[in-house]
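**Student:** Requesting a structural model of the entry that follows:
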Amino acid sequence: MNPGAVEQVSRFLEHLRLERRLSDHTIKSYRRDLECLSGFCSDESIADWPDLRDHQIRRFAAISYAKGLGGRSIQRRLSGARSFFNYLIRENLLQNNPAVDIRAPKSPKRLPETLDADQMAHLMEVPGSEPVDLCDKAILELLYSSGLRLAELVSLNIGEIDTADGTVRVTGKGNKTRIVPVGRYARKAVDAWLKVRSTVAGPTEPAVFTGPKGTRISPRSVQARVKQRAKAAGLPQRVYPHLFRHSFATHLLESSRDLRGVQELLGHADISTTQVYTHLDFQHLAQIYDKAHPRAVAKKRRKTDDES
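**Tutor:** Next up, the predicted model:
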């Protein structure tokens, strides 16, 4: 594509950062997806954005699908493209949005992976009293206790978590802030870490969790530590930070059945995102139904009577 078209992408990303105040992680996703679209345009000899047509956007989606990209990822790419083209229209650089009616192919619904309560309790038994051990235990406990996203955890600063009050102030997607409860075990683990944090953290470092260099811990480091602790605990499945969030939501729904409440705690803008967790415990719900519903009980009783 010509240099002017590339420059328009850069201006759009700057618009997302300065005016919409999106997170660095979200802007990186936009950049990556628009680079893929730009690459497609170059391959198709499309020099400028006004030259792009809807049938070519459909081809872009089809090629992405053929390369093994899932429906949700393709939908994200198309959503990013629509936002970019709407920006160009507002800037009087484009007349029509070629991606407005394009939809991604539907992917089979995949249910989130979880750990059960016993596995989670076993994982929380982090041995050792060195600062790194206390830091790891606090990270694991807080991920599970409050259902934080990885980016939310690593961005936490001193003053945003109040162990006395049992709350943590979290800045989530779209720079939206929410207050989330912190459980008793997590508060105890965080307090233990904060008592030794000053021995490893830099004197001016604001982050709650720090790495070996005394600076804010990186997402990659948290992923590696979680994987290492899970392996040491002998868990058979792959364990990663977001698995704690899935488990948090599932276990909370099992106990409370309060979908709206779990939505608020997770910081989901759309309750349909939260509803995926209601499918995880269907077998458990079926067992409750069999035990509690009058007709199910009657059916079971008749079967017993017939056998006798």
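**Student:** got the contact list for residue 169?
**Tutor:** By CB atoms under 8 Å, 6 or more residues apart in numbering, the contact list for residue 169 reads 160, 161, 177, 178, 179. In this view, the C-beta of every residue, glycine as well, is placed from N, C-alpha and C.
**Student:** Tell me the secondary structure at the nearest residue to the second one once chain neighbours are set aside.
**Tutor:** If the residues on either side of it in the chain are set aside, residue 161 comes closest to residue 168, at 4.4 Å by CB to CB, 6 or more residues apart in numbering. Applying DSSP: H, G, I helix; E, B strand; the rest coil to residue 168 yields a three-state assignment of strand.
**Student:** ok, now which ones touch residue 168?
**Tutor:** Residue 168 neighbours (CB under 8 Å, 6+ apart): 142, 146, 148, 156, 160, 161, 162, 179, 180, 182.
**Student:** residues near the fifth one, how many?
**Tutor:** When neighbours are defined as other CB atoms under 10 Å, residue 160 has 17 of them.
**Student:** got it, and the first one?
**Tutor:** Residue 142: 28 surrounding residues under other CB under 10 Å.
**Student:** Double-check that it belongs to a helix.
**Tutor:** Yes: with three-state DSSP as the criterion, residue 142 is part of a helix.
**Student:** okay, now the nearest residue to it once chain neighbours are set aside: neighbour count?
**Tutor:** Leaving aside its sequence neighbours, residue 142 sits nearest to residue 186 (CB to CB, 6+ apart; 5.0 Å). Neighbourhood size, residue 186 [other CB under 10 Å]: 25.
**Student:** Show me which residues of the helix or strand where residue 186 lies are buried.
**Tutor:** Using DSSP states H and E, residue 186 sits within helix 184-197. Neighbour counts over helix 184-197 (16 or more other CB atoms under 10 Å) mark 185, 186, 187, 189, 190, 192, 193, 194, 196, 197 as buried.
**Student:** same check, this time on stretch 66-80
**Tutor:** 69, 70, 71, 74, 75, 76, 77, 78, 80.
**Student:** of the residues you listed, closest to residue 172?
**Tutor:** The nearest member of the buried residues of stretch 66-80 to residue 172, counting by CB to CB, is residue 76 at 17.5 Å.
**Student:** is it true that the closest one touches residue 32?
**Tutor:** No: assessed by CB atoms under 8 Å, residue 76 is found out of contact with residue 32, at 9.9 Å.
**Student:** Helices of this structure, start to end?
**Tutor:** Under the criterion DSSP state H, helices of the chain are mapped to 3-18, 24-43, 54-66, 71-90, 117-123, 131-146, 150-154, 184-197, 219-232, 241-256, 259-266, 271-275, 282-292, 294-307.
**Student:** what sits up against the third one?
**Tutor:** Contacts of helix 54-66 with the rest of the structure, by CB under 8 Å, 6+ apart, involve 36-37, 40, 44, 46, 71, 73-74, 77-78, 81, 98-102, 104-105.
**Student:** how many other residues sit next to the residue lying closest to residue 233 once chain neighbours are set aside?
**Tutor:** Sequence neighbours aside, residue 123 is the residue nearest to residue 233 in space, at 5.0 Å (criterion: CB to CB, 6+ apart). The number of residues packed near residue 123 is 23, by other CB under 10 Å.
**Student:** do you know how far residue 123 is from residue 182?
**Tutor:** 18 Å (CB to CB, to the nearest Å).
**Student:** Adding pLDDT, write the contacts of residue 168 out as CSV.
**Tutor:** Formatted as CSV, the contacts of residue 168 follow (pLDDT from 0 to 100):
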residue, pLDDT
142, 92
146, 85
148, 89
156, 94
160, 94
161, 92
162, 91
179, 85
180, 84
182, 87
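**Student:** quick check, nearest of the residues you listed to residue 173?
**Tutor:** Here the nearest of the contacts of residue 168 to residue 173, counting by CB to CB, is residue 148; it sits at 12.1 Å.
**Student:** quick one: that closest one and residue 170 touch, right?
**Tutor:** Yes: using CB under 8 Å, residue 148 is in contact with residue 170, at 6.3 Å.
**Student:** Need the residues touching each of these two.
**Tutor:** Common neighbours of residue 148 and residue 170 (CB under 8 Å, 6+ apart) are residue 180.
**Student:** neighbour count winner among these two?
**Tutor:** Higher neighbour count among residue 148 and residue 170: residue 148, with 26 against 23, using other CB under 10 Å.
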